[in-house]
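Peer 1: Curious how this folds, go ahead:
(chains A and B)
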Amino acid sequence: MFFGRALLQDGRPLLMLIESCKTLRQAYQIHAQTVVNGLHIHLYPLSKIFSLFALFGCSESLDHSRLILSRTDVPNVFMWNTMIRAHSRQELHGKAVLLYPSMIAQARALPNHFTFTFVFSSCARLPTPVPGFQIYGHVIKRGLESDTIVMNAFIHFCCGFGDLHSAQKVFEESPVRDLISFNTMISGLAQGRKPHAALSLFTVMTRSGLMPDHFTFVALSSACSGLNNYRLAKQIHNLVYMYFGFVDCGRSAHLVGSVMDMYLKCGEMEMAEKVFNTLQNVKSSAALSCMVSGYARAGKVELARQIFDQVDEKDTVLWTAIISGYSQAGQYTEALSLYKEMEASGIKPDKITMVAVLSACAGLGAITFGQRVYNQCLKKRLYGQDVILITAIVDMYAKCGKIHAALEIFHGVPNYQRTTHLFNAVISGLAQHGHGKIAVLVFEEMEVAKVSPDEITFTGLLYACSHSGLVEEGRSLFKSMSQMHGINPQMKHYCCMVDLFGRNGNLDEAYKFIQAMPFEANSVIWRSFLSSCKLYGDVEMGRIASTKLLEMEPDHGARYVLLSNILASTKHWEEAGKVRKVMEERGIQKPSGWSHIELLDGTIHQFPASNYKLHPQKEEIASKLGEINGRLRAAGYAPSTVNVVFDVDEEEKEMIVSYHSERLALAFGLLNSGPGEVLRIMKNLRICSDCHLVFKLLSRAYEREIIMRDTTRFHHFKNGLCSCKDFW
DNA sequence: TTAGGGTTAG
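Peer 2: Numbering: from 1, shown residues only, chains lettered A, B, ... in the order given. As a prediction, this is how the structure comes out:
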């Protein structure tokens, strides 16, 4: 019997029925009829029915196909391959790969090149490359290492894990290299950020007589997008014209989109806009997302928003692009409210969306929202597969004041997933929380795990040392940078060192260090030094730093404030007044301070300094501030007014201090929370020493834990003490 | 074999 022409009892051809099958119900009916007709005992119709279920695309149909497979005595290679492909399509890559050993163990059917192609495609999406390499052993055993299709799949797998070395070795040893081999390799080099290697491979390809196709140029433009080289971008664009003429934007949307993205990533907005406009009515979702993120990267969030708003059917990527755009621009509240809109519109976020949202939560310090997003990640099973997502979660916890939660997650991450970024997030988090010694221990762990540190690792480490008073550790880490790790210290590292010496009172050493630097110190260094001079009341050194600063940045408000503070704190009122006058004459304003507090329900309330008069609870806040002042006096507190710049009378100075934005947020927090609840406050400037003292006293007077994040670090106030040990 | 959105520090 020729089963390809098998007919059911009513005369209908089985294959045609299978091909036209649209619903799962129809599929079950066809299967039932096959059984009635006795066709199911023959392998050919059975495997056709089987693939109908396997590739139908839902979990129920896949379950049914598993059932058929388990009841088949000797499944053939076609059935195994279909099963592997079906699991892969439903993103069940682990299960897809595990089918391979089952196949080898049970079947008499030998794996063919389709088997390996499907298996490698799933292996590329596993969290570890180990199974892929084990299966490559079988490829060699089966003598398929010269099969171009299998080799292409393996090269793709290697590139997915960033193992360009293995990919290139196989590529070069391959006896036959086709267009797909070259495209895969060029694309792999692009992803692995080897643009020059990708370019030279392109030359090899054209010299060998192969004609590039659209895929080649998509890969090539992606490779060159990171080079920031306008001329090269233009050359590639010209090559596209040379090979394909004026490309049909409808059919070549991929290619046009990639060329546009290359211009965007080179910062060539005008050319990108030109290409974008050629797309006219066929603007693909990808092109729109590119433009949105391109504008956002260029700091033009409003333009990005305009494009976003004009799109009727927004997909996950477009939503993510705009959310991430706002987050990167520091407009975290807007980012979070867009995420809420996205949820309401029914578009499902994916792991990349979550990364963008978590980064906004981290920026804002919004722990309730952040925790909700984390729970969503767990529920949607997004967590665990992706290192960047893990890094974003760790960073969110650290920046929202829960460093222990951050550490707990970090400790659960297996070694093969620990990247430089992840270590950096943990080390910087620990630094912000003042856990310098633990940061150094984590760094030692990093060295043992052979994860290479970069300049960001050292920024975090040196920062941690300077904020924990670890002068010797800092000194030796700084030395090890160039001597052991081949990283040349940059301005920011020198800045940390000046901070390290200055904060610990070694002002002379800090000054000598600045003078011995291999390049001219920038304003950040002088500001750090000036802060230390203020901390230790060294007017002479402070004057040197101030003079330098005013020369360098005559329009920067904070410098004037710091200088007049230092003069005021040492009662040089007259000079402080002069500075203020210069500031007024030049029309410079002090940066305005604000604080916000998050309540348990996740709502965030923001307070600008000295201003709560517009707040709906203004009367309660005023009376709470009065009560606070009373409690403070009872605790023997006298306001320190060294931070108040001007020589006004003492009472007025006290008033100005008592209206610092963090105090307003605290008063509001006490009013709107239950006893024993932790108060979480974020401030956009550094906390002043007076507020710091007040927060310590109030943590005892009200028996409250207060967690406060300022621009430089976290302060945990509890029982009259602060975690920074008054060192910040 | 195809493009687009993502993490740390400053």
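
Peer 1: helix/strand/coil for A:Ser337?
Peer 2: For A:Ser337, the reduced secondary structure class is helix; criterion used: DSSP: H, G, I helix; E, B strand; the rest coil.

Peer 1: what separates the biggest helix by length in chain A from the chain centre, distance-wise?
Peer 2: Scanning chain A for the helix with the most residues, using DSSP state H, yields helix A:618-634. Its chain's average C-alpha position is 42 Å from that of helix A:618-634, according to Cα atoms, centre = their mean, to the nearest Å.

Peer 1: excluding its backbone neighbours, what's nearest A:Thr216?
Peer 2: Beyond its immediate neighbours in the sequence, the residue positioned closest to A:Thr216 (Cβ to Cβ, 6 or more residues apart in numbering) is A:Asn183, lying 5.4 Å away. Backbone N, C-alpha and C define where each C-beta goes, glycine included.

Peer 1: average pLDDT for stretch A:536-547?
Peer 2: Per-region confidence: stretch A:536-547 scores 85 on mean pLDDT.

Peer 1: Skip ahead from the helix or strand the residue nearest to A:Thr216 falls within and say which helix or strand is next.
Peer 2: With secondary structure defined by DSSP states H and E, A:Asn183 is part of helix A:179-191. Following the chain from helix A:179-191 toward its C-terminal end, the next helix or strand by DSSP H and E is helix A:195-207.

Peer 1: Mind exporting the C-alpha coordinates of that following helix to PDB?
Peer 2: Coordinates of each C-alpha in helix A:195-207 appear next as PDB, following Å, rounded to 0.1, in the frame of the first residue of the first chain:
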ATOM      1  CA  PRO A 195      33.400  44.500  13.700                       C
ATOM      2  CA  HIS A 196      36.800  44.500  12.000                       C
ATOM      3  CA  ALA A 197      36.900  40.700  11.800                       C
ATOM      4  CA  ALA A 198      33.400  40.800  10.400                       C
ATOM      5  CA  LEU A 199      34.500  43.300   7.700                       C
ATOM      6  CA  SER A 200      37.500  41.200   6.700                       C
ATOM      7  CA  LEU A 201      35.400  38.100   6.500                       C
ATOM      8  CA  PHE A 202      33.100  39.900   4.200                       C
ATOM      9  CA  THR A 203      36.000  40.700   1.900                       C
ATOM     10  CA  VAL A 204      37.100  37.000   1.900                       C
ATOM     11  CA  MET A 205      33.600  36.100   1.000                       C
ATOM     12  CA  THR A 206      33.300  38.400  -2.000                       C
ATOM     13  CA  ARG A 207      36.800  37.400  -3.200                       C
END
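
Peer 1: and the following helix or strand past it with helix A:195-207, angle?
Peer 2: Following the chain from helix A:195-207 toward its C-terminal end, the next helix or strand by DSSP H and E is helix A:214-224. For the pair helix A:214-224 and helix A:195-207, the angle between their directions (axes from the mean of the first three to the mean of the last three Cα atoms, to 10 degrees) equals 150 degrees.

Peer 1: Kindly spell out which helices and strands sit in contact with helix A:214-224.
Peer 2: If contacts are counted by 3 or more Cβ pairs under 8 Å, 6 or more residues apart in numbering; DSSP states H and E, helix A:214-224 sits against helix A:179-191, helix A:195-207, helix A:230-244, helix A:253-265.

Peer 1: shaky segments in the stretch 51-200 of chain A?
Peer 2: Applying pLDDT under 70 to the stretch 51-200 of chain A flags residues A:107.

Peer 1: Tell me where it has helices.
Peer 2: In the stretch 51-200 of chain A, helices defined by DSSP state H, counting those that start in this stretch lie at A:59-71, A:77-89, A:93-106, A:113-123, A:130-141, A:148-160, A:164-173, A:179-191, A:195-207, listed in chain order.
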